[in-house]
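Chemist: model this:
(one chain, ligands or ions: 1)
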Amino acid sequence: MRVELRSVGVELGGCAVVDGVDLEVRPGEVVGLVGPNGSGKTTLLRTLYRALAPTTGTVLVEGHPVASLPRRRLAQRLGATVQEPEQRAALRVIDVVEQGRVCHQGWLEPLRAEDRVAVAAAIAATGLDEFRERDVRTLSGGERQRVAIARALAQQPRILVLDEPTNHLDLRHQLAILDLTARLAADGLAVLLTLHDLRLAVRYCDRLAVLSAGRLVAAGEPTEVLDTELLAEVFGVRAEIRPNADGEPVLDVLGLA
Ligand SMILES: Nc1ncnc2c1ncn2[C@@H]1O[C@H](COP(=O)(O)OP(=O)(O)OP(=O)(O)O)[C@@H](O)[C@H]1O
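Modeler: Prediction:
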């Protein structure tokens, strides 16, 4: 299932925070949305899961404007996580992940066998088995991040939108989550995620879309997009992509530009 942004613009507080962005994410690919702090990444993602209506342009899911899709239908297709998942209510991990099934259940219907299978798979995929019964308010930031991803996975979406999914995660869990997104893409999901670590973006994303001051300034394969000039101009760093001993591209960060 494809997701498309057509000339999407968002004005907030009288400022153009996102300006005329065209971007498509296709089944089978992980697209990394990268850009400096305040460049509009979260704002753009919010238009995808309808937390925010674009001021101009359209967001299409499989050719249908998201604004015209009932929320339940959208949730069956698109799962999303926010940047700092918070949980105020006394809920167990399993309860939160089960919320991901609401879009597939009938009104006040109990969980069916297939719902339990989806929930168990989402918990296993995010390595949360040992936390199933824990009150989410007692979890660490990284554990909470994984619960949010598990809830989105429990929706069994065809499009996954993750805002800084590696935030708060230790290195092992960062790699585990990015390996998981790569596997999900290989299974046919369209994945759009934001990442600050450009080294991980190079390693794990099929394509990158670079935002700078709300505008899409480059899009394409990581090795094509992240050239020395762009890294200096947009990110303010001196860095370059080089092949490692196995011939894989790696980003070498040398310092400030
Ligand atoms: N309600 C608002 N009114 C005015 N400006 C806003 C509002 N919400 C966000 N902004 C501004 O919009 C810009 C883009 O914010 P956004 O959170 O989308 O950036 P980001 O690229 O996700 O940043 P980060 O990497 O820091 O998470 C920021 O400069 C922010 O201050």
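
Chemist: spell out which parts of this structure neighbour the ligand.
Modeler: The chain has residues Leu12, Gly13, Cys15, Val17, Gly35, Asn37, Gly38, Ser39, Gly40, Lys41, Thr42, Thr43 near the ligand, with proximity defined as C-beta under 6 Å from any ligand atom. Just so you know, the C-beta spots here come from the backbone N, C-alpha and C atoms, and that holds for glycine as well.

Chemist: can you select the buried ones among these for me in PyMOL?
Modeler: Written as a PyMOL command, the selection of buried residues from those, which uses 16 or more other C-beta atoms under 10 Å, is:
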select buried, resi 17+35+39+40+41+42+43
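
Chemist: quick one: which two of the residues of the chain next to the ligand are the most distant?
Modeler: In the residues of the chain next to the ligand, two members sit farther apart than any others by C-beta to C-beta. They are Gly13 and Gly35, at 19.2 Å.

Chemist: could you say which helix or strand contains the closest residue to Tyr204 other than its chain neighbours?
Modeler: Take Tyr204 and drop its neighbours on the chain: the residue closest to it by C-beta to C-beta, 6 or more residues apart in numbering is Leu178, 4.2 Å away. With the criterion set as DSSP states H and E, the secondary-structure element containing Leu178 is helix 171-186.

Chemist: what average pLDDT does the helix or strand that comes right after that helix get?
Modeler: As assigned by DSSP H and E, the chain's next helix or strand after helix 171-186 is strand 190-194. Across strand 190-194, the average pLDDT comes to 98.

Chemist: what lines up beside strand 190-194 in the sheet?
Modeler: When pairing is defined by DSSP bridges, strand 190-194 lines up against strand 30-34 (parallel), strand 159-162 (parallel).

Chemist: hmm, who's touching the first one?
Modeler: Strand 30-34 has contacts (C-beta atoms under 8 Å, 6 or more residues apart in numbering) with 23, 25, 41, 44-45, 181-182, 185, 190-196, 198, 201, 204-211, 222.

Chemist: how does it look with 6 Å?
Modeler: For strand 30-34, contacts defined as C-beta atoms under 6 Å, 6 or more residues apart in numbering pick out 25, 41, 181, 185, 191-192, 194-195, 201, 205-210.

Chemist: next one: the shortest one
Modeler: Residues outside strand 159-162 that contact it (C-beta under 6 Å, 6+ apart) are 1, 3, 45, 48-49, 77-81, 189-193.

Chemist: in that strand, what's buried?
Modeler: Residues of strand 159-162 classed as buried under the neighbour-count rule (16+ other C-beta under 10 Å) are Ile159, Leu160, Val161, Leu162.

Chemist: and the first one, bridged to which residues?
Modeler: In this entry, Ile159 is beta-bridged to Leu78, Ala190, by DSSP bridges.

Chemist: that one and the ligand, how far apart?
Modeler: Look at Ile159 and the ligand: by C-beta to the nearest ligand atom, to the nearest Å, they are 19 Å apart.

Chemist: which strand residues bridge Gly255?
Modeler: On the basis of DSSP bridges, Gly255 is bridged to Arg238.
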